[in-house]
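Participant: I would like to see how this sequence folds:
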Amino acid sequence: MKTETLLCKRILVYGERRKKVVMYLFIPREIRLNEWKCAYRIRGACCSFSGRAIGIDALQAIILCLEAIKFRLQNTKTKCSWIFGEDGDYGIPFTIPMSFGYSFAKKMERLVTREVTREARRLKNRRTANGVQNGRAKTQRAMK
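Facilitator: The predicted structure follows:
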């Protein structure tokens, strides 16, 4: 068995004391033509497991590995998060499965894009409204 070479790691935390869980992702290796393996490991007081994903190339192996990590973490009792996330947010984005075909993936992509655009517009409008209200309040106070 060959030694795995580390590609990256992420520190996750959980609980009031912010205990650490370390997620390791290893560099994919070609194991035969059109078959790449990407290994991962999770180590911490709340959970400890490892696994791998197989893809037709290195990129697919990494993507599938990240999906496997997310799935495994979601099925633990402890809700970890990465430093910028809420409980249960590992900083691994949601991916649309390609196993249902390209047309399904494109349809889902359009739906997600539409919702992201709506949310961005809503947040921009809220900031603009708050800025105008704050500007009026400051102007009115300055005039007194």
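
Participant: Strands along the protein, start to end?
Facilitator: Per DSSP state E, the chain carries strands over the ranges 6-14, 19-26, 29-32, 35-44, 48-55, 81-82.

Participant: and the longest helix along the chain, average pLDDT?
Facilitator: Longest helix in the chain by number of residues (criterion: DSSP state H): helix 102-143. Mean pLDDT, computed over helix 102-143, is 81.

Participant: Save the strands of the chain as CSV, and put in mean pLDDT too.
Facilitator: Output for those, formatted as CSV (pLDDT from 0 to 100):
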stretch, mean pLDDT
strand 6-14, 94
strand 19-26, 94
strand 29-32, 97
strand 35-44, 96
strand 48-55, 95
strand 81-82, 90
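
Participant: want to throw those into JSON lines with mean neighbour count and distance to Ile63?
Facilitator: C-betas here are computed from N, CA, C, even on glycine. Shown next, in JSON lines, are those (neighbours: other Cβ atoms under 10 Å; distance: least, Cβ to Cβ, whole Å):
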{"stretch": "strand 6-14", "mean neighbour count": "15", "distance to Ile63": "13"}
{"stretch": "strand 19-26", "mean neighbour count": "18", "distance to Ile63": "11"}
{"stretch": "strand 29-32", "mean neighbour count": "12", "distance to Ile63": "16"}
{"stretch": "strand 35-44", "mean neighbour count": "19", "distance to Ile63": "9"}
{"stretch": "strand 48-55", "mean neighbour count": "15", "distance to Ile63": "7"}
{"stretch": "strand 81-82", "mean neighbour count": "17", "distance to Ile63": "18"}
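
Participant: what does the domain assignment say about the protein?
Facilitator: The record's domain parsing of the chain by automatic domain parsing lists 1-95, 96-144.

Participant: Out of the ones you listed, which one sits most buried?
Facilitator: When you average the neighbours per residue for each of those (mean count of other Cβ atoms under 10 Å), domain 1-95 leads with a mean of 15.

Participant: Tell me how far that one lies from the chain's centre.
Facilitator: Chain-centre distance of domain 1-95: 10 Å, with Cα atoms, centre = their mean, to the nearest Å.

Participant: quick one: the one residue sitting closest to the centre of the chain and Asn130, what's the gap?
Facilitator: A centroid search over the chain (Cα atoms, centre = their mean) returns Ile92, at 1.3 Å, as the residue closest to the centre. As judged by Cβ to Cβ, to the nearest Å, Ile92 and Asn130 stand 32 Å apart.
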